[in-house]
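Asks: Quick check, what structure comes out for this input:
(one chain, ligands or ions: 2)
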Amino acid sequence: MEGNHATTQSGCGDPDRPAHPGGFPNRDAGKGDPQPAGRDVDFPVSVVLPAGGTGERTGLQTPKQFCSFLGRPLISYTIQAFERVSWIQSIVVVVARENTDLMADIVRRFRHRKVRAVPGGSTRHRSIRNGILALGEEGGERPAAGRPKVVLIHDAVRPFVDEDFLYEIATAAKEHGAAGAIRPLVSTVIATTPEGYLDHSLERGKYRASEMPQGFTYDVIHRAYQRCSQSDFDFGTECLHLALQYCGTNAKLIQGPPTLWKVTYKRDLAAAESIIKDAVSRSACFVTGGSARAAALAGALQEPARALGTTNHPHMAPCATTTCLSVPNSNKTGCLFPAWVKLSRRGGHAVLSGGLVSRVCEKIRAAWREAGRQSACFLLRFQELDVVPDLTGENASYLLKEWNFIQFSVDHSRPAEVEALLAALEAADRAPLHPLVVIWVQWSDSDELLGGRAAAAAAAAVITDLSSAAKLRNILLYGIQLHQSKDSERWERSVSKVAEIASVLIRERSPALVGQLLQA
Ligand SMILES: Nc1ccn([C@@H]2O[C@H](COP(=O)(O)OP(=O)(O)OP(=O)(O)O)[C@@H](O)[C@H]2O)c(=O)n1
Ligand SMILES: O=P(O)(O)OC[C@@H](O)[C@@H](O)[C@@H](O)CO
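Replies: Ligands and ions are numbered 1, 2, ... in the order given. Sure thing, here's the model as predicted:
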């Protein structure tokens, strides 16, 4: 997590280009969310994101909404969570005047659309009021025409909000005039005497914590802010109360998921960073270059992944998602294994020839589902490792949805394959939204480094040059050298090391290791 300062990022592509909602990334990032079936929102909905605070409780100089994770400010994740929702028509972000330029830079760098910034106020209620008034002016000469039917209000420092819950709040607000998210209380609420003693405690079961998002019909929330008092503006913390107090509107309360929590203290920033890092570490695309050796490595990687998965690595776990398959020498495990796949057994593992791997995975994925997931096979998600021979044809879709790539090369002196991958990723133009990871696995078939020190120096120079250029485009290039040892135990250890190194590089995205050639 870094403090965010207004910087412009050159080479971030055409700012008018439709932004890939990189948002709170997942494997499908890069595609606008089509309105899910059965979710019919036939009324205009707009959003107000209060972001005008200073974040004093974090103890940091940078207001928490502008603290960055993986090079992207927290507020950008929240905006993306709303931009991905097709039935939301506009977003007003309310920021302190001194942060207006910073917010404009964030909108540009991360290609936010639907969003505009308005000045905040001295308190949260004043900031929200400014946002509501701004929505009322969207219609220009015909203000009423531009007004939304429903306004969602959501703290900009609550980035983990999903469309399903937004839909519940928006539709409940339209029906009832107001709706709000609630969560069970974790601590008991007590009242104190002026002398600091216990006066009384509330029966915790009868109370709930009021969270965000909240929703209101435009008329209700607009009227509430017209009628509320200066004391409300100065000390109030609850919009639902204003709707009840000044409009007689009883908000519908809906229990939300535990992900609605607000970033308040410094520890919350660390928690948010960990969740965001997890989200970009869940998957990787292993590009074999059509090499059978690479397919063998991909297939062999699932053993160490199994080990990592059982040690509860946050982003590796056994799962039903078919990715790689290990068929030990004798098929004792009664593996669910389609008879049509021709296997050649070598080195204790079934080796699937290069081009077959992805088709095999698809078939096994289908068979796995049909069999109701009953199998002795251990089908592991090596971060949902997808194994493809190249990134052409239908495999090119990975360029628009994957954040991590492992390029296998047999001859490290010829960087053409990894250069082609870097060029394709640059053309896909998603890196400004999230740092992409490319791990170049250089395979050599000798226990001794091929060609000795001179070759080692040459290999190091190649990756240093490539990684420097890639870093300018927010692509983090790392290298792993893998020696195919004839000693099977040594080979097993090397493969385990590749799995471990790749997992750490993908999860941590450390700038310090960019351009390094690590030895597996
Ligand atoms: N004058 C203010 C104060 C707060 N907020 C926003 O309201 C949300 C929730 O408020 P809070 O968590 O209290 O944020 P801060 O006021 O920044 O935090 P602190 O009280 O620690 O200073 C935040 O997104 C914050 O930016 C705002 O828009 N205008
Ligand atoms: O008091 P804070 O500014 O930290 O929080 C503001 C809101 O998030 C908080 O009042 C919720 O309970 C919603 O009403």
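
Asks: Would you pull up how far the helix or strand hosting residue 440 lies from the middle of the chain?
Replies: Residue 440 belongs to strand 436-444 when assigned by DSSP states H and E. Its chain's C-alpha centre and that of strand 436-444 lie 23 Å apart, by C-alpha atoms, centre = their mean, to the nearest Å.

Asks: With stretch 238-255 instead?
Replies: That offset, for stretch 238-255, works out to 33 Å (C-alpha atoms, centre = their mean).

Asks: Same question for stretch 111-119.
Replies: 21 Å.

Asks: So what touches that stretch?
Replies: For stretch 111-119, the external contacting residues (C-beta atoms under 8 Å, 6 or more residues apart in numbering) are 12, 15, 17-20, 52, 76, 79-80, 82-83, 88-97, 100, 103-104, 106-107, 130-131, 134, 432-433. Bear in mind the C-beta positions are built from the backbone N, C-alpha and C, glycine included.

Asks: Identify each buried residue in stretch 39-50, please.
Replies: If you call a residue buried by 16 or more other C-beta atoms under 10 Å, then stretch 39-50 has these buried ones: 41, 44-50.

Asks: For the following helix or strand past the strand holding residue 440, which helices and strands make contact with it?
Replies: Remark: after strand 436-444, the chain's next helix or strand is helix 452-471, criterion DSSP H and E. If you count contacts as 3 or more C-beta pairs under 8 Å, 6 or more residues apart in numbering; DSSP states H and E, helix 452-471 packs onto helix 416-428, strand 436-444, strand 475-483, strand 517-519.

Asks: List of residues touching helix 452-471?
Replies: Contacts of helix 452-471 (C-beta under 8 Å, 6+ apart): 412-413, 415, 418-419, 422, 438, 440, 442, 449, 451, 476-479, 481, 511, 514-517.

Asks: switch to 10 Å and redo it
Replies: With contact meaning C-beta atoms under 10 Å, 6 or more residues apart in numbering, helix 452-471 is reached by 412-415, 418-419, 421-422, 425-426, 431, 435-436, 438, 440, 442, 444, 449-451, 475-479, 481, 511, 513-517, 519.

Asks: Make sure residue 41 is indeed in a strand.
Replies: No: the assignment for residue 41, made by DSSP: H, G, I helix; E, B strand; the rest coil, is coil rather than a strand.

Asks: Quick check: chain neighbours aside, which residue is closest to it?
Replies: Closest residue to residue 41 apart from its sequence neighbours, by C-beta to C-beta, 6 or more residues apart in numbering: residue 87 at 3.8 Å.

Asks: pLDDT value on residue 292, please?
Replies: Here, the pLDDT recorded for residue 292 equals 84.

Asks: what does residue 482 give?
Replies: 88.

Asks: how close does the nearest residue to it once chain neighbours are set aside sit to residue 464?
Replies: Leaving aside its chain neighbours, residue 482 sits nearest to residue 520 (4.7 Å; criterion: C-beta to C-beta, 6+ apart). Going from residue 520 to residue 464 by C-beta to C-beta, to the nearest Å gives 19 Å.

Asks: Who has more neighbours out of those two?
Replies: residue 520 (19 against 15; other C-beta atoms under 10 Å).

Asks: Just the ones of the contacts of stretch 111-119 in helices?
Replies: Among the contacts of stretch 111-119, the ones falling in helices (DSSP state H) are 76, 79-80, 82-83, 100, 103-104, 106-107, 130-131, 134.

Asks: helices and strands around the strand or helix carrying residue 226, which ones?
Replies: Using DSSP H and E, residue 226 maps to helix 218-227. Under the contact definition 3 or more C-beta pairs under 10 Å, 6 or more residues apart in numbering; DSSP states H and E, helix 218-227 sits against strand 45-51, helix 124-136, strand 150-153, helix 163-176, strand 178-184, strand 208-217, helix 230-235, helix 239-247.

Asks: Distance check, the closest residue to ligand 1 within the stretch 1-150 of the chain against ligand 2.
Replies: Residue nearest to ligand 1 within the stretch 1-150 of the chain: residue 53 (2.1 Å; C-beta to the nearest ligand atom). Distance of residue 53 to ligand 2, given as C-beta to the nearest ligand atom, to the nearest Å: 7 Å.

Asks: which residue sits closest to that residue, ignoring its sequence neighbours?
Replies: Ranked by C-beta to C-beta, 6+ apart and with sequence neighbours excluded, the top spatial neighbour of residue 53 is residue 63, at 6.3 Å.

Asks: One more: residue 129?
Replies: Using C-beta to C-beta, 6+ apart and skipping the chain neighbours, the partner closest in space to residue 129 is residue 225 (4.4 Å).

Asks: ok, now residue 178?
Replies: That would be residue 251: by C-beta to C-beta, 6+ apart, it lies 3.7 Å from residue 178.

Asks: Please report the number of neighbouring residues for the one you found.
Replies: 25.

Asks: The closest residue to residue 477 other than its chain neighbours and residue 475, how far apart?
Replies: Once flanking residues are discounted, residue 477 sits nearest to residue 467: 3.9 Å by C-beta to C-beta, 6+ apart. Between residue 467 and residue 475 the computed distance is 9 Å (C-beta to C-beta).

Asks: do residue 94 as well
Replies: Where residue 475 is concerned, residue 94 sits at a distance of 34 Å (C-beta to C-beta).

Asks: Looking at those two, which one has more neighbours?
Replies: A count of neighbours by other C-beta under 10 Å puts residue 94 above the other of residue 94 and residue 475, at 26 against 22.

Asks: Double-check the more buried one against residue 154; I have them as touching.
Replies: No: between residue 94 and residue 154 there is no contact under C-beta atoms under 10 Å: 11.3 Å.

Asks: overlap in contacts of those two?
Replies: With C-beta under 10 Å, 6+ apart, residue 94 and residue 154 have common neighbours 48-50.

Asks: Check the residues you listed one by one and keep those near ligand 2.
Replies: Checked against ligand 2 using C-beta under 6 Å from any ligand atom, the shared contacts of residue 94 and residue 154 give no members in range.

Asks: Next, count neighbours for residue 187.
Replies: 7.

Asks: Around ligand 2, pick out the residues from the stretch 151-300 of the chain.
Replies: Within the stretch 151-300 of the chain, the positions adjacent to ligand 2 are 155, 210, 212, 237-238, 262, 264 by C-beta under 6 Å from any ligand atom.

Asks: okay if I get those residues as a markdown table plus pLDDT?
Replies: Below are those laid out as a markdown table (pLDDT from 0 to 100):
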| residue | pLDDT |
| --- | --- |
| 155 | 98 |
| 210 | 98 |
| 212 | 98 |
| 237 | 98 |
| 238 | 98 |
| 262 | 98 |
| 264 | 98 |
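
Asks: Which one of the residues you listed is nearest to residue 182?
Replies: For these, the minimum distance to residue 182 (C-beta to C-beta) is 6.1 Å, reached by residue 210.

Asks: Look at the spatially closest residue to residue 262 that is not a sequence neighbour and give its secondary structure.
Replies: Residue nearest to residue 262 in three dimensions, not counting chain neighbours: residue 158, with 5.0 Å by C-beta to C-beta, 6+ apart. Here residue 158 is recorded as coil under three-state DSSP.

Asks: picking up where we left off before, test my guess that the residue nearest to residue 129 contacts residue 126.
Replies: Yes: judged on C-beta under 10 Å, residue 225 makes contact with residue 126 at a distance of 9.2 Å.

Asks: Could you count how many residues lie near the closest residue in space to residue 253 that isn't next to it in sequence?
Replies: Nearest residue to residue 253 in three dimensions, chain neighbours excluded: residue 182, at 4.9 Å (C-beta to C-beta, 6+ apart). Residue 182 has 17 neighbouring residues, counting by other C-beta under 10 Å.

Asks: Equivalent analysis for residue 201, please.
Replies: 10.

Asks: is it true that residue 209 touches residue 260?
Replies: Yes: in this structure, residue 209 is within contact of residue 260 by C-beta under 10 Å, at 9.5 Å.
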